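[1] build me a model:
(one chain, ligands or ions: 4)
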Amino acid sequence: MAAATLGEVPTKAFDTILTLDFGSQYTHLITRRLRELNILSEMLPCTTKIADLDYKPKGVILSGGPYSVYEDGAPHVDPAVFELGVPILGICYGMQEIAWRASPENVIAGVHREYGHSNLKALKGDDAHVDRLFAGLEDSMRVWMSHGDKLGALPEGFHTVAVSDNSEYAAIAHKTKPIYGLQFHPEVTHSQNGTQLLKNFAVDICGCAQNWTMARFLDQEIARIRDLVGPEGQVLGAVSGGVDSTVAAKLMKEAIGDRFWAVLVNNGVMRLDECEQVERDLKQHLGINLTVIDASKDFLEGLKGLHDPEQKRKFIGGKFIDVFEAEAQKIEEAAEKSGKGTKIGFFLQGTLYPDVIESLSFKGPSATIKTHHNVGGLPERMTNGQGLQLIEPLRSLYKDEVRELGRTLGIHEELVMRHPFPGPGIAVRILGEVTEEKVRIGRQADHIFISEIRKAGLYDQISQAYAAVDPSRAVGVMGDKRVYGYIIILRAVTTTDFMTAEAFNFPWEFLQRVMNRIVNEVHGVSRVTYDITSKPPGTIELE
Ligand SMILES: Nc1ncnc2c1ncn2[C@@H]1O[C@H](COP(=O)(O)OP(=O)(O)OP(=O)(O)O)[C@@H](O)[C@H]1O
Ligand SMILES: O=c1[nH]c(=O)c2[nH+]cn([C@@H]3O[C@H](COP(=O)(O)O)[C@@H](O)[C@H]3O)c2[nH]1
Ligand SMILES: NC(=O)CC[C@H](N)C(=O)O
Ligand SMILES: [Mg+2]
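    Ligands and ions are numbered 1, 2, ... in the order given. Model prediction:
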């Protein structure tokens, strides 16, 4: 059990809707939509025991899921949910679960699967209670469906509140209790009025206050950190200059000042002038107590002769630990002597909510496609709670919420909107063996590409962009002379969650301009290409 005592979802401080996940691809969208409405939602697996909750949610949503409620081994909700005395909304599988519990015959396999758009008609009557879910909405709307099973009969005590082309029971409501079911998915943007429906449920029916704002979260988290760390405790943290670790570091600085010790490792595969830039941003702009360790020679030396992507990633992860561990000891000694307090007792991590959801998912964590160098690879004593206690203040937040929190903390927009940058850096953007020459070429080409993207005002429309080096060489001609140089691969994608992505559609003139600058300004390059592969089947990084 990790000793994550801080940064757990603040369900006690904010009205919370509990979303129980039956494995739908869209479950996390339910929590997203609610948070956009300034209502905190926590997502937990459908197998959660209500008795294990340490708070009382204001309402519960049962998500969709790939199973059929009537099949052997299908997941079922803890019946105690119905004893909580709070409103319940079942979505797709969740509605089928409500009906199945009333009587298993209520759910049947449909003859037609209903996948995609459907026209919904709300049947408003004069019963204010059952009409509450659709209050204030037009009677007809286009909604998005994805199901094969359906209700064959209305569960006892329920009323039909909407029908669709193929579903007689597209929405149901209990006649007296606050229990509702929807066959369609209000959480997907393709469903008209979906957010309004969720708002009707969470605000009007459950009575949630819409006060989940980053400003309130910040005050609360600072108070919690101060309380946990105490007046003298000291905290260590690895920072990369990326959004997550910068926001976490600034939050820590606000909470405990110079008793927070940040460490940046220069691994030799950072972008052009990146370490200097991060140092300026963190030290001067944000006033963070930062130590930069230049271990570039060790990393580049160790990368020699490594061609395989996984070997490269593992080496960088391992080396990172060695360097960090050695430096942490020095910092701990310095901290002890600093007179600022006691020795270091805590370790800061920038873990986000999607990572937490992934590890909690009812379907289990997904397959490893790449070994990500991240904090999972940090020295064990820092993360197992035995040596240093873990603090993860961003653990309940999505990336856009972290960005919002960054703005609230006064971090400048350019830093807040930075594209993510992987821990192994340019090393996974050079195919095969990493050499100093290829790092130089990759850096220069990347700098040109990103500067041009910024100049063209496209940076914020793109989720991530970079230039990579293909070490195969191609022949070119420059100034009547034969050149035999590397190939640069430009990559730019748009994505919301980095799980799927599409190549960005640049104007042709833009790509020509970038090509021109790279072949002219970066010595050793003969060709420039643009990678248009989507994810899947590609990935965002090349290795
Ligand atoms: N060069 C580095 N020096 C110190 N810590 C690092 C370095 N690179 C990565 N880390 C650590 O690994 C963590 C994971 O990196 P990751 O790239 O996922 O997050 P980030 O850099 O904070 O944000 P972003 O996703 O926006 O790049 C960082 O939060 C940081 O703690
Ligand atoms: O901190 C990190 N350490 C890593 O080892 C790593 N590998 C990939 N990435 C980032 O993850 C996102 C998805 O990348 P892929 O499609 O290449 O898997 C993209 O944003 C990638 O930049 C990493 N981040
Ligand atoms: N999206 C869902 O929740 C689907 C529920 C169930 N598996 C069905 O096919 O009807
Ligand atoms: Mg990063």
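
[2] for the residue in the stretch 51-200 of the chain positioned nearest to ligand 3, what are its contacts?
    Taking C-beta to the nearest ligand atom, ligand 3 has its nearest neighbour within the stretch 51-200 of the chain at Gly64, 2.7 Å off. For the C-beta atoms, the positions are set from N, CA and C on the backbone; glycine is no exception. With C-beta atoms under 8 Å, 6 or more residues apart in numbering as the criterion, the residues that contact Gly64 are 22, 24, 26-27, 91-94, 146-147, 185.

[3] any idea of the pLDDT on it?
    At Gly64, the model reports a pLDDT of 96.

[4] tell me the pLDDT at the residue of the stretch 351-500 of the chain found nearest ligand 2?
    Going by C-beta to the nearest ligand atom, ligand 2 is nearest to Pro422 of the stretch 351-500 of the chain, at 3.3 Å. On the pLDDT scale, Pro422 is placed at 94.

[5] tell me, how many residues neighbour it?
    When neighbours are defined as other C-beta atoms under 10 Å, Pro422 has 23 of them.

[6] tell me the SS of it?
    coil (DSSP: H, G, I helix; E, B strand; the rest coil).

[7] wait, it sits on Gln464?
    No. Assessed by C-beta atoms under 8 Å, Pro422 is found out of contact with Gln464, at 9.5 Å.

[8] does the longest helix anywhere in the chain reach ligand 1?
    The residue-count maximum for a helix in the chain (DSSP state H) belongs to helix 309-337. No. Using C-beta under 6 Å from any ligand atom, we find that helix 309-337 stays clear of ligand 1, coming within 7.0 Å at best.

[9] so for that helix, what's the average pLDDT?
    Rounded to a whole number, the mean pLDDT of helix 309-337 is 88.

[10] tell me which of the contacts of Gly64 fall in strands.
    91, 146-147 (DSSP state E).

[11] can I get the buried part of these as one PyMOL selection?
    To isolate the buried members of the ones in strands among the contacts of Gly64 in PyMOL, using 16 or more other C-beta atoms under 10 Å:
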select buried, resi 91+146+147
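
[12] look up phi and psi at Asp15.
    Per-residue torsions, Asp15: phi -60, psi 130 (degrees, to the nearest 10).

[13] please name the nearest non-neighbouring residue to it.
    Beyond its immediate neighbours in the sequence, the residue positioned closest to Asp15 (C-beta to C-beta, 6 or more residues apart in numbering) is Cys208, lying 4.1 Å away.

[14] give the contact list for Gln96.
    Applying C-beta under 8 Å, 6+ apart as the definition, the contact partners of Gln96 turn out to be 68-69, 90, 107, 149-151.

[15] what about the helix or strand harbouring it, near ligand 3?
    Element membership for Gln96 (DSSP states H and E) is helix 93-102. Yes. Figure legend: helix 93-102 in contact with ligand 3 (C-beta under 6 Å from any ligand atom); contacting residues Tyr93.

[16] how about the CA coordinates for that helix, as PDB?
    Extracted C-alpha coordinates of helix 93-102, given in PDB (Å, rounded to 0.1, in the frame of the first residue of the first chain):
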ATOM      1  CA  TYR A  93     -25.300  -0.900 -18.800                       C
ATOM      2  CA  GLY A  94     -25.900   1.100 -15.600                       C
ATOM      3  CA  MET A  95     -29.600   1.400 -16.500                       C
ATOM      4  CA  GLN A  96     -29.800  -2.300 -17.500                       C
ATOM      5  CA  GLU A  97     -28.200  -3.100 -14.100                       C
ATOM      6  CA  ILE A  98     -31.000  -1.200 -12.300                       C
ATOM      7  CA  ALA A  99     -33.700  -3.000 -14.300                       C
ATOM      8  CA  TRP A 100     -32.000  -6.400 -13.900                       C
ATOM      9  CA  ARG A 101     -31.900  -6.000 -10.100                       C
ATOM     10  CA  ALA A 102     -35.600  -5.300 -10.100                       C
END
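
[17] and after that helix, which helix or strand comes next?
    Stepping forward along the backbone from helix 93-102, the first helix or strand reached (DSSP H and E) is strand 107-122.

[18] who does the helix or strand hosting Pro354 touch, helix- and strand-wise?
    With the criterion set as DSSP H and E, the secondary-structure element containing Pro354 is helix 353-360. Counting by 3 or more C-beta pairs under 8 Å, 6 or more residues apart in numbering; DSSP states H and E, the packing neighbours recorded for helix 353-360 are strand 40-45.

[19] quick one: work out the angle between the helix holding Pro354 and strand 40-45.
    Here helix 353-360 runs at an angle of 20 degrees relative to strand 40-45 (axes from the mean of the first three to the mean of the last three C-alpha atoms, to 10 degrees).

[20] and helix 353-360, average pLDDT?
    77.

[21] then that helix to CSV, C-alphas only?
    Taking only C-alpha atoms (Å, rounded to 0.1, in the frame of the first residue of the first chain), the coordinates of helix 353-360 have been written out as CSV:
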residue,chain,number,x,y,z
TYR,A,353,-5.8,11.4,-12.4
PRO,A,354,-5.6,9.5,-15.7
ASP,A,355,-2.7,7.5,-14.3
VAL,A,356,-4.7,6.7,-11.2
ILE,A,357,-7.8,5.8,-13.2
GLU,A,358,-5.6,3.5,-15.4
SER,A,359,-4.3,1.6,-12.4
LEU,A,360,-7.8,1.3,-10.8
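
[22] quick one: is that helix near ligand 2?
    No. With C-beta under 6 Å from any ligand atom as the criterion, ligand 2 is not reached by helix 353-360; the gap is at least 10.7 Å.
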